[in-house]
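In: What would the 3D arrangement of this be:
(2 chains)
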Amino acid sequence: MDGKVHVGNNFEDCQVGDEYVTTGRTITTTDVEIYTNYMGDYNPLYTDEEFAKTEVYATRIVPELLIYAISIGQISRMRLFEGTMLGFDKIDIDFIKPSKTGDTITIKGKLIEKKETDRKEQGIVNFNVEVLNQRGEILARSKQWILVCKKTD
Amino acid sequence: MDGKRPVGKYFEEWNVGDIYETNGHTITKADIVTFAGLSGDYNPLHTNLLFAKNSVFGERVAHGFLVIAITSGLINQMRLFEGTTEAYLGLAEAKFTQGVLVGDTIRCIGTVVEKRLTSKGGGLVKFQINTVNQKNEICQTRTSSILIKRAPTANQDS
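Out: Just a heads-up that it's a prediction; the model follows:
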């Protein structure tokens, strides 16, 4: 047994201009609790409603990194790079607007650049990514540089 | 404790060059399982032992973003930002230079690299954050920008 998995797109299959839109995922209080309690981040903006009421957002907000972690999962579940993604080379994220529990997020991505690396078996694809809520408001903008396998033959 | 000011530092209390170092966290299989379930990222590098054995890591590796989340937790556990964060603006140049494996103990060193007022008078502080393992090898680097509350007695024009 060699742990073979379904193979997604290789570097050669990617074209500048390729786009995706994920399905939606509704952020629940359970998601937030698992994040704060298991990642150990008890920032009162996320966990203390009485405190959060007195702050600028007027209620607890969803941890920004949780929104992004779920975004990565939504993208991963599209199976575009299943078995072919070696990891991230680099990520930039701007958090634009906070989210509250009950929001439903979708993620849009557009491939804007392909580049070679020193290693002949992998290349880098650069996606512009937007995380949106159910009202179409942008919660975060990000650039992802992804390491993708080349075809082996 | 007078109970009147937040525990965290105000913008004016940070200086370029300030350094913090967090406690360590040992990565467990449970961390990886929890994060795969929470995020929905079941990349076989994290979840399939047979696949991971054939990868450059040789075993199941922690999600890069799991490590970012845990390090954010370690940083906030220091209480430096408690009650004084206005907004987490973002992170940049997040690089994943070395895999983090089950049994590795990671901690962060954060250094203030920039401190300035925004056009709206907000207090922006930018940190260079390096995540190292038990051998002091750098596993990840990133910058992190936070909007931090101004101290109540601050001259708002300065």
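In: Against chain B, how distant is A:His6?
Out: 10 Å (C-beta to the nearest C-beta, to the nearest Å). C-beta here means a position set from N, CA and C on the backbone, and glycine is covered the same way.
In: pretty sure that residue contacts A:Arg79?
Out: Yes: using C-beta atoms under 8 Å, A:His6 is in contact with A:Arg79, at 6.9 Å.
In: can you pull out the strands in chain A?
Out: A:19-21, A:25-26, A:85-95, A:104-116, A:122-132, A:138-149 (DSSP state E).
In: between those strands, which one is nearest to chain B?
Out: Closest to chain B of those is strand A:85-95 (C-beta to the nearest C-beta; 4.3 Å).
In: near chain B, anything from that closest one?
Out: Yes: Strand A:85-95 is in contact with chain B by C-beta under 8 Å from any C-beta of the partner chain, via A:Met85, A:Leu86, A:Gly87, A:Phe88, A:Asp89, A:Lys90, A:Ile91, A:Asp92, A:Ile93, A:Asp94, A:Phe95.
In: Which residue is the nearest non-sequential neighbour of residue 8?
Out: Reading this off chain A. Leaving aside its sequence neighbours, A:Gly8 sits nearest to A:Glu82 (C-beta to C-beta, 6 or more residues apart in numbering or on different chains; 3.9 Å).
In: um, chain B though
Out: B:Thr84 is the one closest to B:Gly8 (C-beta to C-beta, 6+ apart), at 3.6 Å.
In: With A:Asn9 as the reference, measure out to that neighbour.
Out: Look at B:Thr84 and A:Asn9: by C-beta to C-beta, to the nearest Å, they are 44 Å apart.
In: Mind checking which of the two has more residues around it?
Out: Set B:Thr84 next to A:Asn9 and count neighbours by other C-beta atoms under 10 Å in any protein chain shown: B:Thr84 wins out with 23 against 19.
In: quick one, phi/psi of the residue nearest to A:Gly8?
Out: Main-chain torsions, A:Glu82, degrees, to the nearest 10: phi -70, psi 120.
In: before we move on, back to that, could I get the strands of chain A as TSV with mean neighbour count and mean pLDDT?
Out: Output for these, formatted as TSV (neighbours: other C-beta atoms under 10 Å in any protein chain shown; pLDDT from 0 to 100):
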stretch	mean neighbour count	mean pLDDT
strand A:19-21	13	97
strand A:25-26	14	98
strand A:85-95	20	96
strand A:104-116	16	98
strand A:122-132	20	98
strand A:138-149	19	97
